[in-house]
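Enquirer: No letters, just coordinates:
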């Protein structure tokens, strides 16, 4: 009977410590967040916490975020509340009213859960996700763009991830290239490009020159140098030329930084310039990017971001806007990528000590002694043995199975002096 | 290595012929004795999965296959997040509303409100009847949809028609065409953007090989 109870307790404790257990998953998530946290702080970013629940009007950011993705809350009041599907809009809203009084740029980071209605037709798709990301507010231009991409690279390098891809586009440039399309066609062309739907473009009633333009945009991707050269040969406006020049200088900064000895940690291993990278709806106005990692389940988007120079104005009382750019990393996807490379803690760390009160009156002494060991300079994990099993041999077995290396046996008579008999298991 | 998802059934032969014309041989799937669901091209440059037509976009959306061949009807019904890269021209058919020839109905609008419509294409059927503002009950069936009106379970059906022989033999007539469908080349968006394993070249070769104009209009 005793033996059975012991096995049971044992099995349970292992289930909670092993890979895939709730505690181990939490441990691996925290280890990712902790490493990213340190990188953000090294780059001068400060953590911000915003509310999980917001007014729907904040969450949809003036129509830039599709309302259907927001999980709304039942509310007895007239106001409509929802759970945040992302943090950029909430942070823009929180920051904009204070921007006038603050020094620029503002460097902010967050680590939080976001909620999204699962896709229609998906069965049991995830609704709660964890994201860690940054927002750099009040700084425009290639330098700020470069900081964000280099910071992204440093983040992934801190996680020991060296094979990943960035698909980089420019929402402002691509949208301006859609302006020659008649207004009633523009959104359709944008949607078709965003969804890589070549067949739809071929079927749209477009003049031949416009169809060629749409098809060109759809496949405007490849090595940054090639694409920039190709785009430079197009008939561009002054503004478009300056955007292309900014993209060129951004790519140059990234490449030159990677060449320096110190810049190794911030190298982007594979960069595709893709001017078809658009979303049917969003708030991006400049560079946009997706970060792609390889998992055992195939390629996955592990992060995304971009520049949003009009978003803060949506929330400003006088519509005054400030430039902004940021990215977010999808923690669950990162966990999968790192797990595929066995770069996450496989199991929870074992306790260093098991303090066993050998009789009921020794309980206080056991807690006191455990506390004494915990005060050591380095982290020491100490567990107090609470009840079953009681036989010393069974306790030793238990400690061994859980890789606890030391047992302190507390007896009542040594209570005051706190002198246990110590055994190495 | 590029993985291609090929649909079992009507589109298989033409799909295999298409890849053969590019030097990729998956004709092993046509061998009656074949039981393999995954085969490699003899040159070792690509492999193919043999899956049900409805599952082709699933394998492509999740990236286990980088490209696939599937009918527009499946894409319209399932709306997967995949890149639609070419109309391959073959496998032409149409999704239609049909009723018993002996019935008084000669247009979809003649159907009484709240009548039953049997279909495998639940979403397309629902969307169509909403567009003509006719409330109907869609009865999902997975095969032999023609039996719906014959047994009296439903007044009408929404089903794929290619030659019309099945309808005629079951004394059904076509009232409306919801849309025309042909085989499409689809791709996993991320792999296409990153040009994994020279995917863009393969897609370009396929497009040149078919170069067929879009047969149907989206909608």
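Expert: Perfect, thanks for sending it. In this text the structure is predicted, and so the values were computed from the model without any measurement.

Enquirer: which one is residue 105 nearest to, not counting chain neighbours?
Expert: Using chain A here. residue A:139 (3.8 Å; CB to CB, 6 or more residues apart in numbering or on different chains). For the C-beta atoms, the positions are set from N, CA and C on the backbone; glycine is no exception.

Enquirer: wrong one, chain B
Expert: Closest to residue B:105 by CB to CB, 6+ apart is residue B:99, at 4.8 Å.

Enquirer: Could you count how many residues lie near the one you found?
Expert: 26 (other CB atoms under 10 Å in any protein chain shown).

Enquirer: on that earlier part again, separation between the residue nearest to residue A:105 and residue A:267?
Expert: 23 Å (CB to CB, to the nearest Å).

Enquirer: now the one residue in the stretch 301-425 of chain A that gets nearest to chain B, nearest residue through space, not along the chain?
Expert: For the stretch 301-425 of chain A, the residue closest to chain B is residue A:301, as judged by CB to the nearest CB, at 7.0 Å. Nearest non-adjacent residue to residue A:301, counting by CB to CB, 6+ apart: residue A:290, 5.3 Å away.

Enquirer: wait, the residue of the stretch 301-425 of chain A closest to chain B sits on residue A:294?
Expert: No: using CB atoms under 8 Å, residue A:301 is not in contact with residue A:294, being 11.6 Å away.

Enquirer: what residues does chain A put near chain B?
Expert: With CB under 8 Å from any CB of the partner chain as the criterion, chain A comes near chain B at residues A:120-121, A:165, A:167, A:195-200, A:202-203, A:219, A:221-222, A:270, A:272, A:274, A:276-277, A:290, A:292, A:297-301.

Enquirer: Next step: those restricted to strands.
Expert: Assignment to strands by DSSP state E places the following of those there: A:165, A:167, A:221-222, A:270, A:272, A:274, A:290, A:292, A:298-301.

Enquirer: How about the contacts made by the residue nearest the centre of chain B?
Expert: The centroid of chain B falls nearest to residue B:71 when counting by CA atoms, centre = their mean (2.6 Å). Residues near residue B:71 by CB atoms under 8 Å, 6 or more residues apart in numbering or on different chains: B:7, B:11, B:53, B:91, B:93, B:181-184.

Enquirer: Tell me the spacing between it and residue B:182.
Expert: 7 Å.

Enquirer: Can you pull the residues that touch both of those two?
Expert: In contact with both residue B:71 and residue B:182: residue B:91, using CB under 8 Å, 6+ apart.

Enquirer: May I have the beta-bridge partners of the residue of the stretch 251-400 of chain A found nearest chain B?
Expert: Residue of the stretch 251-400 of chain A nearest chain B, by CB to the nearest CB: residue A:298 (3.6 Å). Using DSSP bridges, the bridge partners assigned to residue A:298 are residue A:295.

Enquirer: wait, it sits on residue B:63?
Expert: Yes: in this structure, residue A:298 is within contact of residue B:63 by CB under 8 Å, at 3.6 Å.

Enquirer: ok, those two, which is more surrounded?
Expert: More neighbours surround residue B:63 than the other of residue A:298 and residue B:63, with 20 against 14 (other CB under 10 Å).

Enquirer: Name all residues that make contact with that one.
Expert: By CB under 8 Å, 6+ apart, the contact set of residue B:63 is A:297-299, B:188, B:190-191.

Enquirer: From those, pick the one nearest residue A:308.
Expert: Nearest to residue A:308 among these: residue B:190, at 22.9 Å, using CB to CB.

Enquirer: contacting residues around the residue of the stretch 301-425 of chain A closest to chain B?
Expert: By CB under 8 Å, 6+ apart, the neighbours of residue A:301 are A:290-292, A:330, A:333, B:190.

Enquirer: how near is it to residue A:85?
Expert: 15 Å.

Enquirer: Same check on residue A:422?
Expert: Noted for residue A:422: a distance of 54 Å to residue A:85, by CB to CB.

Enquirer: These two: which has the busier surroundings?
Expert: Neighbours per residue (other CB under 10 Å) separate residue A:422 from residue A:85, with residue A:85 holding more: 21 against 11.

Enquirer: and the gap between that one and chain B?
Expert: Distance of residue A:85 to chain B, given as CB to the nearest CB, to the nearest Å: 17 Å.

Enquirer: Name the next helix or strand downstream of the longest strand belonging to chain B, please.
Expert: Ranked by residue count, the top strand of chain B under DSSP E comes out as strand B:172-181. Where DSSP states H and E defines the elements, the next helix or strand beyond strand B:172-181 is strand B:183-187.

Enquirer: now for the helix or strand just after that following strand, which elements pack on it?
Expert: The first helix or strand that comes after strand B:183-187 along the chain, using DSSP H and E, is helix B:189-194. Secondary structure elements in contact with helix B:189-194, counted by 3 or more CB pairs under 8 Å, 6 or more residues apart in numbering or on different chains; DSSP states H and E, are strand A:165-170, strand A:270-274, strand A:287-295, strand A:298-307, strand B:83-87, helix B:199-210.

Enquirer: any chance of those in CSV, plus mean pLDDT?
Expert: Shown next, in CSV, are the helices and strands packed on helix B:189-194 (pLDDT from 0 to 100):
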stretch, mean pLDDT
strand A:165-170, 96
strand A:270-274, 94
strand A:287-295, 92
strand A:298-307, 92
strand B:83-87, 96
helix B:199-210, 92
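
Enquirer: Quick check: which ranges of the chain have low pLDDT?
Expert: Because you didn't say which chain, this covers chain A. Under the criterion pLDDT under 70, the flagged ranges of chain A are A:1-20, A:119-125, A:346, A:413-419, A:423-425.

Enquirer: nope, chain B
Expert: In chain B (pLDDT under 70), the answer is B:212-219.

Enquirer: Pairing partners for the residue nearest the centre of chain A in the sheet, please.
Expert: Residue closest to the average C-alpha location in chain A (CA atoms, centre = their mean): residue A:329, at 2.4 Å. Legend: beta-bridge partners of residue A:329 under DSSP bridges are residue A:132, residue A:303.

Enquirer: do you know how far it is from residue A:131?
Expert: Per CB to CB, residue A:329 is found 7 Å from residue A:131.

Enquirer: Tell me the residues on chain B that lie near chain A, please.
Expert: Taking CB under 8 Å from any CB as the contact definition, chain B meets chain A at B:62-64, B:78-79, B:81, B:83-87, B:184, B:187-196, B:200, B:213-214, B:216-218.

Enquirer: Give me the buried entries from the residues you listed.
Expert: Buried by 16 or more other CB atoms under 10 Å in any protein chain shown: B:62-63, B:78, B:83-87, B:184, B:187-196, B:200, B:214, B:216, B:218, out of those.
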